[in-house]
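Student: below is the sequence, then the predicted model.
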Amino acid sequence: MGAPKFIASCSFGKDSLATILLAKEHGEPLDEAVYCEVMFDSNISGEVPEHRDFIYGRAIPALERMGVRVVVLRSQQTYVGLFTGRITRGPKKGMVRSFPLCGKCAVQRDCKVRPIERYRKTLPAGTVQYVGIAQDEQERLLRLEGSKQVSLLDKYNFTEQDAWEFCRKAGLLSPVYAFTDRGGCWFCPNAKREELRHLYDHHPDLWARMLELQAIPGKVTEKFNRTQRFSDIDEAFRLEDSETAPDQAA
Ligand code: SF4
């Protein structure tokens, strides 16, 4: 299988990009960056559109100019594929699987972990994986002990804030940080209100796709996240807009 490789897991967030920038600056061995793109359906990315544009328009070309090969992985499975699949066994047999569960996301399992695991099996034994875990994330760092995963942010004493600044100076800070501090799919059940509001305001086509899915009958659950249906969130935003709209009467 050849000599062990050095790979960097990359979501194109600040921590993983800062890791790659640090590797290049300090001459750390690095064979490739591995990115797994979750898809909404076979054509639409699960990345927030601004982040997807940043990845393909700015970040990948910049890494390639630095001599870093970027491997892009995608699962055949998609959010819509999982959503519209039907339960095959048990009391809910025949029902539409619908929204992934908070804390037990099937999209994470099938569209992210599986392709990465499959790729990892093709790598030589002893391959080292750089992971973007900052020096101020001690709990996550402790979990790396005894594994083949290494944090260069820890090695070079980089906090999350340092990673942010390092990427900003390099012109490689994703525009998503303007409205969120977390990465993730635009349909994530863990999305914060600001992220959902961003989607509602700037990507009405994607918003409409979620409302279409919400309208499918016979779903296992009607809830998009722990407490709300997607249509409840839609109604709440409409109400907010109507309350803040300037008085049209005059
Ligand atoms: S970001 Fe959210 S929806 Fe996407 S894989 Fe992770 S938990 Fe699932």
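Tutor: Received the coordinates, thanks.
Student: and this protein, which residues reach the ligand?
Tutor: 38, 100, 105, 107-108, 112, 184-185, 188, 190 (Cβ under 6 Å from any ligand atom). Where C-beta positions appear, they are placed from N, C-alpha and C, glycine not excepted.
Student: can you redo those residues as a markdown table with secondary structure?
Tutor: Below are these laid out as a markdown table (DSSP: H, G, I helix; E, B strand; the rest coil):
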| residue | secondary structure |
| --- | --- |
| Val38 | coil |
| Pro100 | coil |
| Cys105 | coil |
| Val107 | helix |
| Gln108 | helix |
| Lys112 | helix |
| Gly184 | coil |
| Cys185 | strand |
| Cys188 | coil |
| Asn190 | coil |
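Student: ChimeraX command for the buried members of those residues?
Tutor: Here is the ChimeraX command that picks out the buried ones among the residues of the chain next to the ligand, judged by 16 or more other Cβ atoms under 10 Å:
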select :38,100,105,107,108,112,184,185,188
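Student: okay, strands next: where are they in this protein?
Tutor: Under the criterion DSSP state E, the chain contains strands at 6-9, 32-36, 69-73, 128-130, 149-150.
Student: partner strands of the fourth one, parallel or antiparallel?
Tutor: When you say that, I think you mean strand 128-130. Sheet pairing of strand 128-130 (DSSP bridges) gives strand 6-9 (parallel), strand 149-150 (parallel).
Student: who wins for proximity to Arg226 among these?
Tutor: Closest of the strands paired with strand 128-130 to Arg226 is strand 6-9, at 28.2 Å (criterion: Cβ to Cβ).
Student: hmm, who's touching that closest one?
Tutor: Contacts with strand 6-9, where a contact means Cβ atoms under 8 Å, 6 or more residues apart in numbering, come from 16, 19-20, 23, 28-34, 68, 116, 123, 127-132.
Student: state the distance from Val107 to Tyr177.
Tutor: According to Cβ to Cβ, to the nearest Å, Val107 stands 23 Å off from Tyr177.
Student: and what of Gln108?
Tutor: Applying Cβ to Cβ to Gln108 and Tyr177 gives a distance of 22 Å.
Student: where does pLDDT dip in this protein?
Tutor: Scanning the chain for pLDDT under 70 picks out the ranges 1, 247-250.
Student: where along it do the helices fall?
Tutor: Secondary structure of the chain, counting by DSSP state H: helices at 14-25, 49-54, 60-65, 79-84, 106-107, 114-120, 138-142, 152-155, 160-169, 193-202, 204-214, 230-244.
Student: just name the most buried of these.
Tutor: Most buried of these, by mean neighbour count (mean count of other Cβ atoms under 10 Å): helix 14-25, with a mean of 23.
Student: residues in contact with the nearest residue to Leu213 once chain neighbours are set aside?
Tutor: Residue nearest to Leu213 in three dimensions, not counting chain neighbours: Phe83, with 5.7 Å by Cβ to Cβ, 6 or more residues apart in numbering. Taking Cβ under 8 Å, 6+ apart, we find Phe83 in contact with 96-100, 213.
Student: can we see that at 10 Å?
Tutor: By Cβ atoms under 10 Å, 6 or more residues apart in numbering, the residues touching Phe83 are 40-41, 96-100, 106-107, 187, 210, 213, 216, 219.
Student: would you mind checking the contacts of strand 6-9 for buried ones?
Tutor: Buried members of these, counted by 16+ other Cβ under 10 Å: 16, 19-20, 23, 28, 30-34, 68, 116, 123, 127-132.
Student: stretch 131-144: end-to-end distance?
Tutor: End-to-end span of stretch 131-144 (Cα to Cα, to the nearest Å): 9 Å.
Student: okay, how far is it across stretch 106-121, tip to tip?
Tutor: Chord length of stretch 106-121, first to last residue, is 21 Å (Cα to Cα).
Student: the ligand versus Trp207, what's the distance?
Tutor: Relative to the ligand, Trp207 is positioned 16 Å away (criterion: Cβ to the nearest ligand atom, to the nearest Å).
Student: would you quantify the distance from that residue to Val176?
Tutor: Taken as Cβ to Cβ, the span from Trp207 to Val176 is 17 Å.
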